[in-house]
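K.L.:
Pasted the sequence and its predicted model underneath.
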Protein chains: 2
Amino acid sequence: MTVSSFDPKRHGYFGADIGGTLAKIMFYEPENDPTISKVREYVLSSTTYGSTGQRDAQLTVSLPKAKLHFILFETSRMRQAIKLIGSQNMLMGVKNISVTGGGAFKFAELVKEELGCVISKKDEMHCLIHGLNFLLKNVPNEVYYFANPENDEDEEKIVCDVREEMFPYLLVNVGTGVSILKVSNWDEFERVSGSGLGGGTYYGLCRLLTQAKDFSATLEEAVKGDDNACNMTVGDIYGGSYESLGLDANMTASFFGKMVMGDLYKDNVKEADICKSLLYMVTNNVGQIAYLNARLQGLKNIYFAGNFLRTNKIAMKYLSKAIHFWSGGEMKALFLQHEGFFGACGAFLDSEQPNGCESS
Amino acid sequence: MTVSSFDPKRHGYFGADIGGTLAKIMFYEPENDPTISKVREYVLSSTTYGSTGQRDAQLTVSLPKAKLHFILFETSRMRQAIKLIGSQNMLMGVKNISVTGGGAFKFAELVKEELGCVISKKDEMHCLIHGLNFLLKNVPNEVYYFANPENDEDEEKIVCDVREEMFPYLLVNVGTGVSILKVSNWDEFERVSGSGLGGGTYYGLCRLLTQAKDFSATLEEAVKGDDNACNMTVGDIYGGSYESLGLDANMTASFFGKMVMGDLYKDNVKEADICKSLLYMVTNNVGQIAYLNARLQGLKNIYFAGNFLRTNKIAMKYLSKAIHFWSGGEMKALFLQHEGFFGACGAFLDSEQPNGCESS
């Protein structure tokens, strides 16, 4: 499915993924079609900030004969955004918008009232897969991996082009929880596994164990911490490597195991150590479960996506290390440039009926 | 390998597994051989108590033409025990004792001084596997599973006899960390996987998050707790089941995910809820990784062993539920009657040379 097969008069111009925390909106701008130029101009010139002081994220993807624009802002500002769109008459004749995420239900009434649009609710997982497949096919540099998975500090990325051989692949979506899907074709996917040990576990335990004021603050702490202040290594148990089993002395034998070794360790542990150890525990575990499922399904390509990875490079580096470790260097953790926007893109693509845009 | 193939004059009468916390000793008593009768009489009549007030555990296994006696006590009392054995001259002419566990190093000097015995140090994993294989082969009711894995309260056990078809199997040893071994034959095994998320993680996080005074106290709390006070379910996210993916509303979507949903949840969570949630998180995860490895290795029988399971029925019930869940009811978590004593038994079996017992 390439971009040339799209008719915006049929598919419409918009897709949205409105989650509990973040709202992601995609708009489609074909060459020589002025329909949404007013939206584009407004959005691209806007300098609004969310309550956390983070600037709205914007991204533009150039395709042959069209552009995709993505914006991301806090869902708490959704009401304000809807009113602004209405007051500026930005949507003009648009009658129908495809939306996925919990907000598809929450904002349906308001959108109808203020904009005169009907929200067409779309299945989250279907939108995610469909949007991802579209970007994998149409964006040459969508996929990348880290050149050196064993070095946490080395952020060098290597881009790879998967357009000629996209399927099958394993998608590991790390949000609050973890879903693991085998994607066999454009619309063919199956949830093969998952885990309750995901982003919610990391941040939930950080909230119980530290004073960090928000998610970003826990990651800032994690970078500074020493995981071996919490974790017990093979060396801590055996005084060195356990050679007959091939276990290196530096390998983590037990996450938080040092907290059992005596009060001295427990009393001296820092919040930064706890954040780092939790992050390492969750990512290592997700990596292991992803690897085992990839082996079971006979898949080589493992993509990691999901909210937990947005602006979380340290988690991506740890996932890279985990896949490298568990696969004995045979597999790579693959990541995606347009992380966060697949749902919105998929909602746009999944409009089965004309969105009813009356062209001006 | 059956018991009749043993010559105590060659193998000796003792094996020990001296860990950081607990010491396990096995002694072998053939019919019509009075060599160790003094030890047996002393041990079986003893009513000593450890520092936690827990009576020393004793177990006797009757085999054709011999008995195996096991005792377990706190390693902190090891010095006292060695001196007692010396003063009573209980070991008589024994010159050599096979020992596994960290204590093989720690107590070597003292044993030589007080008892005139040389400690022969044995590999832990080898002793564990060898001892387990011996008991699987010689004890008809060694293996059991829980009749109803989905009901945490139902403790009905079903015994199964695996003596005719023992190999291959997967052994999941849950101690501070987790080792996963494929055992293909008597002395043929391989560590195929493992996890740093084990008993040390459970108790380490309990120590950071609760005031529970020891490991047993955390388990007592766990029984009383409500894991969904901490954990986010599929229903919490979607308002019900996610039917297109086959996810039930009651399924845990994120361990500790509710701690992210707002301060009200976080402020009202109890220590018992935290203990239960941690126990559920660790056991569910160990169960999932065990299941995936069993599938990858093409194995049906999964035995769970290790210190973490000793006197921890709630963890065994949760592991049963996890294997039932992840395998869609096709596999069972198998447990072992003589949990904790395989290392000592294996140390006894692994004496390659005459233990030098001068029979009286």
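P.N.:
Received, thanks. Small disclaimer: the values here were computed from a predicted structure and weren't measured.
K.L.:
just so I have it, where are all the helices in the stretch 201-350 of chain A?
P.N.:
Remark: helices assigned in the stretch 201-350 of chain A by DSSP state H, counting those that start in this stretch are A:215-224, A:234-238, A:263-268, A:271-297, A:313-326, A:342-349.
K.L.:
For B:Asn32, which of those helices is the nearest?
P.N.:
Of all the helices of the stretch 201-350 of chain A, helix A:234-238 sits nearest to B:Asn32, with 41.5 Å by CB to CB. (C-beta placed from N, C-alpha, C; glycine too.)
K.L.:
how many neighbours does the closest residue in space to A:Lys313 that isn't next to it in sequence have?
P.N.:
Distances taken as CB to CB, 6 or more residues apart in numbering or on different chains put A:Glu155 closest to A:Lys313, at 6.6 Å, once the chain neighbours are dropped. Using other CB atoms under 10 Å in any protein chain shown, A:Glu155 has 12 other residues around it.
K.L.:
Tell me who's in contact with A:Glu155.
P.N.:
Residues near A:Glu155 by CB atoms under 8 Å, 6 or more residues apart in numbering or on different chains: A:146, A:313, A:317.
K.L.:
Which of the residues you listed has the largest number of neighbours?
P.N.:
Going by other CB under 10 Å, A:Phe146 tops those with 24 neighbours.
K.L.:
Contacts only, for that residue.
P.N.:
Applying CB under 8 Å, 6+ apart, the residues contacting A:Phe146 are A:154-158, A:316-317, A:320, A:333.
K.L.:
hang on, the earlier thing: quick check: which of the helices of the stretch 201-350 of chain A is nearest to B:Tyr280?
P.N.:
When the helices of the stretch 201-350 of chain A are compared by CB to CB, helix A:271-297 sits nearest B:Tyr280, at 14.9 Å.
K.L.:
Mean confidence (pLDDT) on the closest one, please.
P.N.:
Throughout helix A:271-297, pLDDT has a mean value of 98.
K.L.:
by how many degrees do it and helix A:313-326 diverge?
P.N.:
Counting by axes from the mean of the first three to the mean of the last three CA atoms, to 10 degrees, helix A:271-297 lies at 50 degrees to helix A:313-326.
K.L.:
Centre of the chain to helix A:271-297, how far?
P.N.:
Distance, stretch centre to chain centre, for helix A:271-297: 16 Å (CA atoms, centre = their mean, to the nearest Å).
K.L.:
ok, now stretch A:71-78?
P.N.:
Chain-centre distance of stretch A:71-78: 16 Å, with CA atoms, centre = their mean.
K.L.:
Go through it and flag the buried ones.
P.N.:
A:71-75, A:77-78 (16 or more other CB atoms under 10 Å in any protein chain shown).
K.L.:
thinking again about what came up before, between the contacts of A:Glu155, which is nearest chain B?
P.N.:
A:Lys317 (17.7 Å; CB to the nearest CB).
K.L.:
So that closest one is in contact with A:Glu150, correct?
P.N.:
No: here A:Lys317 does not reach A:Glu150: they are 9.8 Å apart, not a contact under CB atoms under 8 Å.
K.L.:
Quick check: residues of the stretch 251-360 of chain A near chain B?
P.N.:
Residues of the stretch 251-360 of chain A lying close to chain B (CB under 8 Å from any CB of the partner chain) are A:252-260, A:266, A:269, A:274, A:281, A:284-285, A:288-289, A:292-293, A:295-296.
K.L.:
Can you pull up the most central residue in chain A?
P.N.:
A:Gly306 (2.5 Å; CA atoms, centre = their mean).
K.L.:
Backbone dihedrals for that residue, please?
P.N.:
When read as degrees, to the nearest 10, the backbone of A:Gly306 gives phi 110, psi 160.
K.L.:
what about the stretch 201-350 of chain A, any weak spots by pLDDT?
P.N.:
Applying pLDDT under 70 to the stretch 201-350 of chain A picks out no residues at all.
K.L.:
Give me every residue in the stretch 101-250 of chain A lying close to chain B.
P.N.:
Counting by CB under 8 Å from any CB, the stretch 101-250 of chain A comes close to chain B at A:102, A:123, A:125-126, A:176-177, A:179, A:191, A:193, A:195-201, A:203-205, A:207-209, A:230-232, A:237, A:244-247.
K.L.:
Show only the entries of those found in strands.
P.N.:
Secondary structure assignment by DSSP state E places A:179, A:191, A:193, A:195, A:232 of these in strands.
K.L.:
The last one reaches B:Gly198, doesn't it?
P.N.:
No: counting by CB under 8 Å, A:Met232 sits too far from B:Gly198 to count as a contact (10.0 Å).
K.L.:
Name the residues contacting each of these two.
P.N.:
Counting by CB under 8 Å, 6+ apart, the residues touching both A:Met232 and B:Gly198 are A:254, A:257, B:176-177.
K.L.:
List only buried entries from these.
P.N.:
For the shared contacts of A:Met232 and B:Gly198, a burial check counting by 16+ other CB under 10 Å picks out A:254, A:257, B:176-177.
K.L.:
And A:Met232 and B:Gly198? Which one has more around it.
P.N.:
Using other CB under 10 Å, the more surrounded residue of A:Met232 and B:Gly198 is B:Gly198, with 31 against 26.
K.L.:
which residues sit in contact with the closest residue to that one other than its chain neighbours?
P.N.:
Leaving aside its sequence neighbours, B:Gly198 sits nearest to B:Val178 (CB to CB, 6+ apart; 4.2 Å). Counting by CB under 8 Å, 6+ apart, B:Val178 touches B:172, B:194-198, B:286, B:289, B:306.
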